[in-house]
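Novice: Pasted the sequence and its predicted model underneath.
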Amino acid sequence: QIMALLTLLLFGFVASSSAYNNGLARKPPMGFNTWNHWHGSVSSSVLIDVATAFKELGLDASGYRYINTDDGWLNKTRDSNGRQIPGPNFPGGIPHVSQALTELGFGFGIYSAAGLTTCMSRAGTLYHETIDAQAYADWNVSYLKYDDCGEVNFNSYAKFSVMRDAINATGHSMVFSYEPHVPVTIAWPQYVGNSWRTGGDIGSSFSALLREMESVNQWGYATGPGAWGDADMLEVGNPGLSLAEQRSHFALWAAVKSPLLIGANITEQSTEALAILNNTEIIAINQDALGIQAVKVFAYGHADDVTERDHPLRWAAKANQKHLDNQRTSTSPVPLDANMPFTSCQYTSIDSTQKWTLDRTRLRNGQQCLARVQGDVVVTSDCSDQSSEWLMEGLNQRVTQLRAIDDSGTCLALYSTKVSLEPCKQEPAVCNTTRCANSVLVNQLFYLSNMTDQLISTFTNHSVSPLDNLLSSTSLLVAPCNASDEYQQWGWMGHTLANKGDGRCLTQGLGFEDCSSSSTNWTLASAPGYQLKPEAASDMCVDIYNFTGPGVQLFKCKAPNSGYRGSQNEQFVYDNSTGLMRTNEDESCCGIRSPLCLAQLPTPVPQMVNIPQCLATQPSPAPAQPKIPDLIDSSLPLQVYKGPLANDNFVVIYFNTGSHTTNMSATWSQLGLKADQGYLVRDLYLKQDLGVYSSSLSLSVGSHDVRALRLSPSN
């Protein structure tokens, strides 16, 4: 194992031994999810039919064991006991489905969201974590996909820790898969759940595959047994990907140790797609006992071999790299104001300064309590009088407000530079039935974790620099609307969209050129708003990346009013009087509740980093920053991934993102392998040994295809 350990120092990561451990998902989960094919049109018969087909096709024998419903299974309202209600497509209720799947040998997976509503505006779990977790336990749920839709401005560490603790309190184990939707890598995902989404929602296109690989490649430091980076459900078998692209998709997801959740209608699959999904040699890479994520180790070739369609905007990776560079060099403590009673949360070895107990009306840390002094100033001090008493109903069961005991209309509030008291707020009633992007309570909500004893705020109060110095001046993005910003002002001239900032027109590659170019031709298709489509690709729409920006991409168009948020973030309203191209709903961006408008840089865009804040008797230094791989130029078409496996084996993926078949090669030095060590190379799709190689390996790789290889020491 010495060679494997040396390689880890160069190219790999060892997950923290203190990652979340509920005894489950010691290897990446495998199974099925309804969303990519059925979206919200799910039913009990769909799930049972899929499970039956899995048995008949032998997918269960290959390791696929969870059959999961996504959004759409539940109603908008709850029953008289406060429980979520299955929709009419589940006539026998959830226990009937769960029992049927159990009898077939599968675990049943369910969906909810950390908002007042789900993405489809059904009854979400926010403020109902305890009752929903108990319902899932009673229904013998084996897997929970926990989404991030409404109230996305809440700090993810806070709201997802609530559900983790609620599940643990039931005594019933289930895989906890959550979606933090954070824009940059963070230090804590492996401590909250069994898997976390590393990027946005996938789509059935090669550009979507590339985008998700860019995201997941940054998270190797956190993955390991019990905690996995999730690049989203598989699109193998769905329209939109060629057979070569499906091979690439499956091999790459396996190598980076993403959960393998089939997202196609398995009852209608081609022999070729089934062969990919049932390839036990590729699956063995994903399920390897070592549990270490493969990462991109280098890329080469000519960028002009890659089309705009192949490689969409790369702003997110560039911004992430700048953030990581700042992390490596910054020595600033957290918080910046040492007088604040809130500081950066600890994730491991939590010391006594951040441990609190609920003592009736007091939050106690030894002889220290959270108290009000000097009017509206809040500090940690002795517990001697009424100033340290609060109304805190449900504080250790959900996020809730801390109200002054002598004035229940006054609440504790955390802002970026102060902790104080202010009038208590409440969620608008409309947010109970319609997805609201942000909560007005974000500064006033707190949670006392019964797992870590930390009092966690839902407010995120640390930001990184605007993106304007990170991106090309030709980049398109969305930003909070500002009618006085000329880079947000557009002139619609029938087929072209000219930016007032520099006079050039938006291209179908989402850059800017002279308006006479044919690549600047667009159509506005009427919807509740308008869908902005390239004339040359009428099935594609301008789409707000990850629903909240600031990135913008081309994405396959959704039907207007299709019942889930994907149809909303590609609808715009053009205002002739101001020239603004505004989103057709009140989306959130960058931690700000504001209408968003299309903009050309150098419009400044703030970006929030998800650094959770905890109550403490003294400030804590910032947690140690994770080891992140250097950013490798994604515009280079020939990309090589590599990761260690058990028994001194390695997986190597040659990935050709270019438009032509080409010969790809790598030396042992480039791969971090010992010079002159012989390796037996096995092609995992051909299922044949290619021979023993001792210094380099050169193979032909088709366009958008992979060569998926296992390297085993020959002596």
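Specialist: Now that the structure is in, tell me what you want to look at. Numbers count the residues shown, from 1 in each chain.
Novice: Enumerate every residue touching Thr117.
Specialist: Counting by Cβ atoms under 8 Å, 6 or more residues apart in numbering, Thr117 makes contact with Lys76, Ala123, Gly124, Cys149, Gly150, Cys431, Asn432, Thr433, Thr434, Arg435, Cys436. (Glycine included, C-beta is placed from N, CA and C.)
Novice: Could you export the residues you listed as JSON lines, including distance to Val399, neighbour count and pLDDT?
Specialist: Output for the contacts of Thr117, formatted as JSON lines (distance: Cβ to Cβ, whole Å; neighbours: other Cβ atoms under 10 Å; pLDDT from 0 to 100):
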{"residue": "Lys76", "distance to Val399": "22", "neighbour count": "16", "pLDDT": "94"}
{"residue": "Ala123", "distance to Val399": "17", "neighbour count": "24", "pLDDT": "95"}
{"residue": "Gly124", "distance to Val399": "13", "neighbour count": "27", "pLDDT": "95"}
{"residue": "Cys149", "distance to Val399": "16", "neighbour count": "27", "pLDDT": "85"}
{"residue": "Gly150", "distance to Val399": "13", "neighbour count": "27", "pLDDT": "78"}
{"residue": "Cys431", "distance to Val399": "14", "neighbour count": "21", "pLDDT": "85"}
{"residue": "Asn432", "distance to Val399": "16", "neighbour count": "16", "pLDDT": "85"}
{"residue": "Thr433", "distance to Val399": "20", "neighbour count": "14", "pLDDT": "83"}
{"residue": "Thr434", "distance to Val399": "20", "neighbour count": "13", "pLDDT": "81"}
{"residue": "Arg435", "distance to Val399": "18", "neighbour count": "24", "pLDDT": "78"}
{"residue": "Cys436", "distance to Val399": "15", "neighbour count": "24", "pLDDT": "77"}
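Novice: separation between Arg26 and Gly291?
Specialist: Separation of Arg26 from Gly291 (Cβ to Cβ, to the nearest Å) stands at 8 Å.
Novice: Who has more neighbours out of those two?
Specialist: Gly291 (21 against 14; other Cβ atoms under 10 Å).
Novice: Leaving out sequence neighbours, find the closest residue to that one.
Specialist: Pro225 (4.6 Å; Cβ to Cβ, 6 or more residues apart in numbering).
Novice: before we move on, the earlier item: tabulate the contacts of Thr117 (JSON lines), appending distance to Leu260.
Specialist: Below are the contacts of Thr117 laid out as JSON lines (distance: Cβ to Cβ, whole Å):
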{"residue": "Lys76", "distance to Leu260": "32"}
{"residue": "Ala123", "distance to Leu260": "30"}
{"residue": "Gly124", "distance to Leu260": "27"}
{"residue": "Cys149", "distance to Leu260": "24"}
{"residue": "Gly150", "distance to Leu260": "29"}
{"residue": "Cys431", "distance to Leu260": "35"}
{"residue": "Asn432", "distance to Leu260": "36"}
{"residue": "Thr433", "distance to Leu260": "35"}
{"residue": "Thr434", "distance to Leu260": "34"}
{"residue": "Arg435", "distance to Leu260": "29"}
{"residue": "Cys436", "distance to Leu260": "34"}
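Novice: Including distance to Arg197 and secondary structure, could these go into JSON lines?
Specialist: Converted to JSON lines, the contacts of Thr117 look like this (distance: Cβ to Cβ, whole Å; DSSP: H, G, I helix; E, B strand; the rest coil):
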{"residue": "Lys76", "distance to Arg197": "24", "secondary structure": "strand"}
{"residue": "Ala123", "distance to Arg197": "22", "secondary structure": "strand"}
{"residue": "Gly124", "distance to Arg197": "17", "secondary structure": "coil"}
{"residue": "Cys149", "distance to Arg197": "12", "secondary structure": "coil"}
{"residue": "Gly150", "distance to Arg197": "16", "secondary structure": "coil"}
{"residue": "Cys431", "distance to Arg197": "23", "secondary structure": "helix"}
{"residue": "Asn432", "distance to Arg197": "25", "secondary structure": "helix"}
{"residue": "Thr433", "distance to Arg197": "26", "secondary structure": "coil"}
{"residue": "Thr434", "distance to Arg197": "24", "secondary structure": "coil"}
{"residue": "Arg435", "distance to Arg197": "18", "secondary structure": "coil"}
{"residue": "Cys436", "distance to Arg197": "21", "secondary structure": "coil"}
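Novice: Nearest to Leu711 among these?
Specialist: The closest of these to Leu711 turns out to be Cys149 (Cβ to Cβ; 42.5 Å).
Novice: residues in contact with that closest one?
Specialist: So Cys149 contacts Ala113, Ala114, Gly115, Thr117, Thr118, Cys119, Gly124, Arg435, Arg565 (Cβ under 8 Å, 6+ apart).
Novice: and the fourth one, what are its bridge partners?
Specialist: Bridge pairing for Thr117 (DSSP bridges) gives the partners Ala123.
Novice: ok, so of the contacts of Cys149, who is nearest Gly366?
Specialist: Of all the contacts of Cys149, Gly366 sits closest to Ala114, with 32.4 Å by Cβ to Cβ.
Novice: distance between the ends of stretch 216-230?
Specialist: 7 Å (Cα to Cα, to the nearest Å).
Novice: Over to stretch 142-158?
Specialist: End-to-end distance of stretch 142-158 (Cα to Cα): 23 Å.
Novice: Buried residues of it, list them for me.
Specialist: 142-158 (16 or more other Cβ atoms under 10 Å).
Novice: On the pLDDT front, check Gln321 for me.
Specialist: We have a pLDDT of 43 for Gln321.
Novice: Next, give phi and psi for the spatially closest residue to Thr667 that is not a sequence neighbour.
Specialist: Closest residue to Thr667 apart from its sequence neighbours, by Cβ to Cβ, 6+ apart: Ser696 at 4.5 Å. Backbone torsions of Ser696, given as degrees, to the nearest 10, read phi -160, psi 170.
Novice: Confirm for me that Ser696 is in contact with Trp668.
Specialist: Yes: at 6.6 Å, Ser696 and Trp668 qualify as touching, with contact defined as Cβ atoms under 8 Å.
Novice: If you count surrounding residues, which of those two has more?
Specialist: Per other Cβ under 10 Å, whichever of Ser696 and Trp668 has more neighbours is Trp668, with 18 against 13.
Novice: And that one, how close does it get to Val651?
Specialist: Applying Cβ to Cβ to Trp668 and Val651 gives a distance of 15 Å.
Novice: what about Ile283, is that helix, strand or coil?
Specialist: helix (DSSP: H, G, I helix; E, B strand; the rest coil).
Novice: Around it, count how many other residues there are.
Specialist: Ile283 has 20 neighbours, counted by other Cβ under 10 Å.
Novice: That one is in contact with Pro28, isn't it?
Specialist: No: using Cβ under 8 Å as the test, Ile283 is too far from Pro28 to be in contact (9.9 Å).
Novice: got any residues that touch both of these two?
Specialist: Joint contacts of Ile283 and Pro28 (Cβ under 8 Å, 6+ apart) are Leu260.
Novice: OK, contacts around Phe108?
Specialist: Contacts of Phe108 (Cβ under 8 Å, 6+ apart): 47, 66-68, 97-98, 101-102, 139-143.
Novice: show me what contacts Val552?
Specialist: Applying Cβ under 8 Å, 6+ apart, we find Val552 in contact with Leu313, Leu476, Leu477, Val478, Leu510, Val542, Asp543, Ile544, Tyr545, Leu598.
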